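> the following comprises the amino acid sequence and a computationally predicted model.
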Amino acid sequence: GAVVSQHPSWVICKSGTSVKIECRSLDFQATTMFWYRQFPKQSLMLMATSNEGSKATYEQGVEKDKFLINHASLTLSTLTVTSAHPEDSSFYICSPRGTGLRGDGYTFGSGTRLTVV
Amino acid sequence: QKEVEQDPGPLSVPEGAIVSLNCTYSNSAFQYFMWYRQYSRKGPELLMYTYSSGNKEDGRFTAQVDKSSKYISLFIRDSQPSDSATYLCAMVSSGSARQLTFGSGTQLTVLP
């Protein structure tokens, strides 16, 4: 399967600060990136979908100004949580999709656990 | 009604038992079906991927799809303590640009 690198694996930040999460596709070109959020004991919820070089499409209820997504290259996408608050504490997971058999969109990064204090 | 329903458990079984995990769905457009295993504080790991009714076997794991009943199952034979994790079913419809719809996950504990 595809090789996906996501970091940091965990981060603690103060309320009001911003945090950047990186997701890299190591063995294929990711034309699309899915970003998910998972609260404890809940399933994954799609936050946004981004295509390389284009603006992201956000799911209903997800604030685009709070969760900034950059997908400027085919191997790297970033999610920045701006002015983080304790309610943003969650597990964030990326899933890149590319062309061909690799990067089918069904492989996930290892996740980033964000704790806002 | 959720598009995908999955019993959240928790489910505890003794080592060596056969485990049956199930999901039902309501959207007949779902064509592809996956099972993921997620360990605590890790991303989901794809276990099985099927796109037709019937059974698919991979080692100790068997995925079963019944499209007429809108019901999918994952069987784990000879369960091991290392199988303790949350298992998520996920589905993709043909026209959804490969967006996944997840079940809520079933937490499984295999007791040694």
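Nice, thanks for sending it over.

> phi first, then psi, for B:Ser82.
Dihedral pair for B:Ser82: phi -70, psi -10, per degrees, to the nearest 10.

> for the residue nearest to it when sequence neighbours are not counted, list the residues it contacts.
In space, and not counting its chain neighbours, B:Ser82 is closest to B:Val110: 7.8 Å by Cβ to Cβ, 6 or more residues apart in numbering or on different chains. For the C-beta atoms, the positions are set from N, CA and C on the backbone; glycine is no exception. By Cβ atoms under 8 Å, 6 or more residues apart in numbering or on different chains, the contact list for B:Val110 reads B:Ser12, B:Val13, B:Pro14, B:Glu15, B:Ala17, B:Val19, B:Ser79, B:Gln80, B:Pro81, B:Ser82, B:Asp83, B:Ser84.

> and for B:Pro8?
A:Lys41, B:Ser104, B:Gly105, B:Thr106, B:Gln107.

> bridge partners for B:Val92, pull those for me.
Note on B:Val92: beta-bridge partners by DSSP bridges are B:Tyr32.

> correct me, but it touches B:Thr101?
Yes - here B:Val92 reaches B:Thr101: they are 7.4 Å apart, a contact under Cβ atoms under 8 Å.

> neighbours of the spatially closest residue to B:Arg60 that is not a sequence neighbour, how many?
Nearest non-adjacent residue to B:Arg60, counting by Cβ to Cβ, 6+ apart: B:Arg77, 4.7 Å away. Using other Cβ atoms under 10 Å in any protein chain shown, B:Arg77 has 13 neighbouring residues.

> so B:Arg77 sits against B:Glu57, correct?
No - between B:Arg77 and B:Glu57 there is no contact under Cβ under 8 Å: 9.5 Å.

> ok, back up a step: for the residue nearest to B:Arg60, what are phi and psi?
Per degrees, to the nearest 10, the backbone of B:Arg77 is at phi -90, psi 150.

> strand partners (parallel or antiparallel) of whichever helix or strand A:Leu46 is part of?
Using DSSP states H and E, the element containing A:Leu46 is strand A:45-51. The strands that strand A:45-51 pairs with in its sheet are strand A:30-38 (antiparallel), strand A:57-58 (antiparallel) (by DSSP bridges).
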